[in-house]
Every structure is written in C-alpha cells, then in structure tokens.
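Peer 1: Provided below are the primary sequence and the corresponding predicted coordinates.
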Amino acid sequence: MTQCGLLTGSNKPVPLRSVSVTVLIRGFVADVGCELLYRNDEQGPVEAVFVFPVDAEAAVYAFQARLGGACIQAQLREKKQARELYGDALAGGQSSFLLQQEGAGGDVFSCSLGNLPPGEEAALTLRYVCELPLEPDGAARYVLPAVLRPRYTPHGWDREDVTQGVPRVPQGELPYTLSLSATLQSPHGIDRVLSNCSLTPLSHTAGNRTSAQVSLAETPLWGRDVELLVYYVEPHKPSAVLEAGLPGAEPGSLMGDPAVMVTLLPSLPEAVPGQSSAGEFIFLLDRSGSMECRMDRRDGSPQRIDSAKETLVLLLKSLPLGCYFNIYSFGSRFESFYPQSVAYTQKTMSKSLQRVQQLQADLGGTEILAPLQAIYRSPCRDGHPRQLFVFTDGEVGNTEDIIAEVQRHQGAHRCFSFGIGEGASTALVKGIARAAGGSAEFIMGQDRMQPKALKSLKRALQPSGTGILLCWDLPPEMEVALVGQGPEVIFLGERCLIYAQLRGQPQPPDTAVGGLTLQYRIQDQTYKETLQFPLQPQDGDRLPIHRLAAKSLLLELEGAVNTGSEGDRHRALETSLSSGVVCSLTAYVGVDTERMQPVQGPLVRWDIPLAEFDLMAGHSLYGAPQIFAHTRMVVVEHTNHLYKQLPPPKCLAWLCRLSDFIWGSSRHEGSESCKHSAPPGTAPQEERAREEYLLLRLVSLQNADGSWDLDSRLATALGVSKTDARGRMPSKDVSPSVWATVLAVVWLHGRAAGLRDEWELLEAKAVGWVRGQAGPRLSECLEAANTLLGCTVGPAVFRL
C-alpha cells in the first residue's frame, strides 16, 4: 500500500465535517448513536480513517453508512472474513468500510471508510449501549470521549500493531463540529443534569418528571470529554428491567428469550475505618513521560505526577499501624522502594515520604507488565491479604497480557485501579480491577485523585461480601439462566449488576411478579437483599439489556480465549454474531455492490485531525505502519509517543511545594518551620486549593500511629501561636501528644469538613490512638480545643 504523507494542519479540507450524537439514558444505561459526516473535496478518491473511543464494557451493536445516496447496512462477520471482503471490494474499486475492535484493548474501534469518490459525502452511524457508573453523590455519569490518546507499545512488542499518524491541529482550527442531544428517562424522576460543557435548560417532557431532554448549547472544544451528570430522585433504590427478546430469534437463545437486568445496592455493615491492622498494601505508580501532563487544561492545574504524589502521602498516612506496604513505580523500567514489603512503622513511613517527594515522570514509556510480574513473584504474607493499587494514564499496547497476568493471580490479591486523565484506557483500568475482584476509578477533568484513592483504600480496609448466592422466585412455568458468572465480591456502597435470561411464559401474563434474593457472607455473618419485579417485558428495537448481557458474557469469554480455550472461542464468536455485539473476534463490514463502475483515480489516504494538546508537543513515533499487501485496508490501532520534558505548569504563587511538606514532616523539634505567604482566597477555585493545601500541610505532620507532636509546625498548620498551643493545654496530666492530636482532629472537622473523604481514614486512626491514651481527660481536652480553634465539634467524634 502506498504510504502517503500526513496532514500537519494545512488549510486543505479533510473528509470529516461533523459529529452528531444522540443519547437515550434510562436510569444507569445509555444507548448512544454517533453519526460522522464526511465529504471528499479532493479531485480523486480518498480513504478516510477514524478512531472511535468507547468504554471497554460498552456493547457496539450497529453500524451503517450512507455513501452517495446508497445506504449500506453493516454485517457482523468473523474478523478474517470481514477483512477479505473489505480488501476484495477495494480492489474492485467499490466503496466499502470496515469497523473492528482492536485486540490490544477493547476501547478502540477503528473505521476504514475505503474508496470515497470525489465530491461525494459519506455518513457513518455507530450505535452502542453502555452501563453508567454511580458517582458517590448518586449521579449517573455519562462520558462521550473526544479522543483516545495514543498508546505506548512496550519494547520488543512483536504482535500485529498498525500505528497511525493522526495529525494535530491547533484547538480552534478543527474543520468539523460536534453536537449532542440527550433524552433522559427514569421511573423515579429526574432531578437535574450537570455538565462540564454548556447545556440548554433541562426540559421535562412528562408531568411527573420521569422524562426530560437536554442538549449542548454550543459546540465544545474538541479534545475535551463531554460529561453529563444525571441526578435522579431515588438513585439508590433497587430496580429490575425486563426486556422482550428479538422477534424471530431462536427461543432458548440469549437474544430470543426475555432478559432482565437487576440493579442492587447492598447495605453492607460499615466497619470502623482503620480498625484492622492486617493487610499488605502495594502501590504501583506510573512515572512515564505522559504523567508530566496537567490533570486538565486550566492554568494552575497540577501535573498528574504531582497529584499522584500528594495522593501517596495521604495513602501512606492512612495505613493502619502493623500492616505491610511497598511502593513500585514504572516506565520503560521499574523501581521499588524496598525489595519486599516492609512493616508500617514511623521509620518506614518517614523514609517512604522522603522518597515520594523525589519521584518524577522520568522513566520513559509505560511498561506495566514487568513490575506486575515482580510483585507477584514476591511471596504473600500470611494473615495479611494483598491489596494492589495501580495508578496509570493507561497508555499501553499490551492490555490483554496485563489483564491475563492479573487474572492468573486473582486468588492471591485484590486490585484497585485508577485511570488518570481524559482518554485513559478503560480496557486496561477496568480490566485489571475486574480480573482481581477490585474496583476501577477514573480521574478526569477537574476530578481530584485523592478522594477516589482514599475511597478505594477504605474499601480495601472494609470486609467485603463473599459467598454470593442468588435465589430466584419465579412462577413454576418459568426458569432463569444467569448470563456470565455473576458477582463474586461486593463492596460497601457499590452497585451490583446482574444479567439473566428468562425462559417460559408466566400465568397470568399481565399480573405475574418475580423476585430475587441476593445472599452474601461477611466474615461469619450472612446478609440478604430482596427485590420484586413485574414479569411483563418491555418491547423495543434496540434491546440495550440484551446487548449489555451479551457484552458482559463476551468479556468473560474473551479472557478465556486469550488462554487458548477453543470451546470458549467458539462460544464467544457465536455470542457476538447472534447478538450483533462486536468483539475482538469479529468485525463489521459493508460493501456497496450497486456501483458497477470502478472509482477512477489513485487512492489517497486521509487521517482525521485531532486537537493539539500540550502533551503532544514534540512527539515522535516508534515504528512504522503495518502493510497488508493483499488488501487496500487500513486498520487504525495505536500510536506510540515519546514525550519531551514539558515546562512546569503555572501554579498559584502561594502554594507550597510537596517537598516542603515532606521535608517539614521529618524535621526535629526546634528547627525552623516553612514560611508561607498568605493565600489570596478570593476565587472559589483558589479557596478550594487553599483548603487542600492546608489539609496536606497538617496531614504531613501526622505520625504513623495516628498521633501528632506538639511543636511549632503543628501550631502553624492549625493557625495558632506556639504559645497558645502549649499554654491552652487543659491539664499537666495530659500528655502533649494527646493534646496535639485532639487539636488536629478538631481542626479537621471544623476547618476541612469539605475534604472529609480524604482525611476520614487517618482521622479514625488518630481517634483510636487518642482514646487509648487520653483517659478521663478527653472531654476536657475537646472543650479546650474547641475554644482555642473556635470550633464546635461534638463529643461523638471521639465516641464519647
């Protein structure tokens, strides 16, 4: 295939003209349609290539093209057969397209349009359905990714990997537009919708507020993920949606029978945070060049690596005394703080904090497999269950190998993963969490990494629900078949999704009711959750529940396919072809056979430009595009980038460097404390940053056992004089450390209540320590601390 030059932002027109998105959000399921409009303004035919980023757990189920007035409906075929059909069509001069999921990660779908004659338009329509995550405040979060950032392919990678050379143009010069409209439905009522982009006013289309519509008010800057946060009146209420099968499909098959999706939010008993000292906590931090990028594009936004370092400080301070821990970091190579995990003590904590402040995004590429293998080679400690925390911006090419490695060790640990930045690979981040019974979090836009990381640490410290048993209560003439394995572990506050296939006809059909009981065990205690639902299925032509059930099953089967199971490969291929949900074994292909005349002129390749970001500055490519000699096919997969050192972002002038916090926390009594100028404290953004800064300054002084020392640095952090800090101590019978710790806890509740998620665990450790040390003087200390700091913290904080 002739290799053409890449566009570099010239004024020539490109095929893509617009992107139009329609979304139907029903509860916590989104059915999405994307239409891409191309026009070939060249003198000859072109081949256009575009990358669709979708969530790894989304089910892509339909694709079609309108080419020069002819509408071509895509057919799902086994991937090799689809490629052959596509190549044959191009060789004959016919218009064609190919859409497939790339094997290295389930969140990349590439479309090769093929021959587009000069002067003609092509409209491509992609449809997919996906589950929406439940945010901590109860919102359903929908994200339309703008771009999927290029992936780094590890050194020595020898699998099929066709790199792309997508040009970057300045933000304001993109030659295409984006529009989005959303229809919202919920039986519990729609309260409000928030977004990071400008929206039209929310319009309720039903008197009971169960349906509404909203749209983008203007075209957003391309390169920004469009986020919608949908708030329902009762987001935590359990529910079940029963959907009729596909007319004409074989009875007894997944698509032929009704399918049900059950959503439960088990109310696990919450243990006292930080009360357990058991556990081995391993933190694996990405230090590749891309971690130098800012968390978002605001002036003053921190670099990803700096946010990750602050998060590590909070995590280390929140660990329980007596546990074990280690910190690994990786890029093209990897490093670890210790050869094996060490006991969590004051000495090891202080040493680790000093090393954290020295970490930089200076290890090159993103090779995560080698450090994972090193972690798994180290023996687990008896009585200390291993908990792995992985922080990455997800730019890798060997996603399947990484997930398989985690899955091989799933019985020995849990994995909690964090995708940093817009465009982080959902296939990688969700895949490793799913493989090891953990949870995945994504930090995008103005999200803060710290509360999400501490939320996961809290999960790791809490007992989880295991021994899960599902008991269905259905009429005698009906039976149920679970789709996939079902949930294996349940965390506090996490939603539990269950897909099942129902067979038979209830009698009477109009009033029959079914039920489900979810039973699980926490330590030696058994708990139950029960739900009843009507057995009258909803009709519809898109079948979102069936598609999601098929995708859930395909995720499990493809994992087995990677290990060489021929039976699972056959079942995955059959499930994909029957449901219309594309997977790594299948592809959509469509060929226009109505045009009898070959398209004249040489074929030119055009790559659709993407917006230029700071992280793309100075990039270069590893390797060259793979050439398929027997077809005129272009498959867009991954681009590998080298990153040059970027200048530090602009920061608020009064912010103290992290190294000052860490250095200050290890000084001895009597040494000079850091000098900090007063923050301006005017704009809300600066006020929030000031609160975060003051919290981190106080937290950095906490000892491993949860206590604080009474010294000048603590007085500065509390905003009082050293004289008052010592002189207001209620009694000589109270030790200085007890008094200091009571002051710190009162300050947290009185001055940093908005950041509770970040200090809850370390506060619980402090309260536990002080209750064991203060004796009968604790109430007196609390009263004196409230008076000194001007707070009104109640005795319940110290469980008095």
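Peer 2: Received it, and whenever you're ready, just let me know what you need.
Peer 1: which SS class is the most centrally placed residue in the chain?
Peer 2: The residue at the geometric middle of the chain, judged as the C-alpha nearest the mean C-alpha position with Cα atoms, centre = their mean, is F442 (3.1 Å). At F442, secondary structure determined by DSSP: H, G, I helix; E, B strand; the rest coil is strand.
Peer 1: now do the contacts for it.
Peer 2: 418-419, 424, 426, 429 (Cβ atoms under 8 Å, 6 or more residues apart in numbering). (Glycine included, C-beta is placed from N, CA and C.)
Peer 1: now with 10 Å, please.
Peer 2: Contacts of F442 were listed using Cβ atoms under 10 Å, 6 or more residues apart in numbering, and they are 55, 133, 141, 143, 225, 394, 417-422, 424, 426, 429-430, 452.
Peer 1: again with G248
Peer 2: When the contact criterion is Cβ under 10 Å, 6+ apart, the partners of G248 are 255-256.
Peer 1: now it: how far from I468?
Peer 2: Noted for G248: a distance of 35 Å to I468, by Cβ to Cβ, to the nearest Å.
Peer 1: what of S700?
Peer 2: Going from S700 to I468 by Cβ to Cβ gives 41 Å.
Peer 1: look at these two and report which has more neighbours.
Peer 2: In this comparison of S700 against I468, neighbours counted by other Cβ atoms under 10 Å, the higher total goes to S700 at 24 against 17.
Peer 1: coming back round to it: tell me which of the contacts of F442 fall in helices.
Peer 2: Mapping the contacts of F442 onto helices (DSSP state H) picks out 426, 429-430, 452.
Peer 1: tell me the spacing between Q346 and D709.
Peer 2: 11 Å.
Peer 1: which residues do those two both contact?
Peer 2: With Cβ under 10 Å, 6+ apart applied, the overlap between the contact sets of Q346 and D709 consists of N703.
Peer 1: K765: neighbour count?
Peer 2: Other residues within reach of K765, judged by other Cβ under 10 Å, total 24.
Peer 1: the closest residue in space to it that isn't next to it in sequence in helix, strand or coil?
Peer 2: Leaving aside its sequence neighbours, K765 sits nearest to G706 (Cβ to Cβ, 6 or more residues apart in numbering; 3.6 Å). The three-state assignment at G706 reads coil, by three-state DSSP.
Peer 1: what's the neighbour count on G706?
Peer 2: 25.
Peer 1: tell me the contacts of R547?
Peer 2: The contact partners of R547, taken as Cβ under 10 Å, 6+ apart, are 29, 31, 58-62, 127-130, 243, 255, 259, 579-581.
Peer 1: ok, it to L585 distance?
Peer 2: Look at R547 and L585: by Cβ to Cβ, they are 17 Å apart.
Peer 1: cool, and L761?
Peer 2: Per Cβ to Cβ, L761 is found 44 Å from L585.
Peer 1: what do you get for V23?
Peer 2: 28 Å.
Peer 1: can you check A435 too?
Peer 2: In this structure, A435 lies at 19 Å from L585, with Cβ to Cβ as the measure.
Peer 1: looking at this, S307 is in a helix?
Peer 2: Yes. When three-state DSSP is applied, S307 is found to be in a helix.
Peer 1: mind listing what it touches?
Peer 2: With contact set as Cβ under 10 Å, 6+ apart, S307 has these partners: 291, 294-295, 301, 391, 420-421, 443, 447-450, 453, 658.
Peer 1: in CSV, list these along with distance to D88.
Peer 2: Converted to CSV, the contacts of S307 look like this (distance: Cβ to Cβ, whole Å):
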residue, distance to D88
M291, 45
R294, 47
M295, 47
S301, 50
F391, 46
I420, 43
G421, 41
I443, 45
D447, 47
R448, 52
M449, 49
Q450, 54
A453, 51
L658, 59
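Peer 1: adding neighbour count, pLDDT and secondary structure, write those out as a markdown table.
Peer 2: Listed next are the contacts of S307 as a markdown table, based on neighbours: other Cβ atoms under 10 Å; pLDDT from 0 to 100; DSSP: H, G, I helix; E, B strand; the rest coil:
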| residue | neighbour count | pLDDT | secondary structure |
| --- | --- | --- | --- |
| M291 | 30 | 89 | helix |
| R294 | 22 | 81 | strand |
| M295 | 23 | 80 | coil |
| S301 | 19 | 78 | coil |
| F391 | 27 | 94 | strand |
| I420 | 27 | 88 | strand |
| G421 | 25 | 79 | coil |
| I443 | 26 | 85 | strand |
| D447 | 17 | 79 | coil |
| R448 | 18 | 83 | coil |
| M449 | 21 | 87 | helix |
| Q450 | 24 | 88 | helix |
| A453 | 27 | 89 | helix |
| L658 | 21 | 36 | helix |
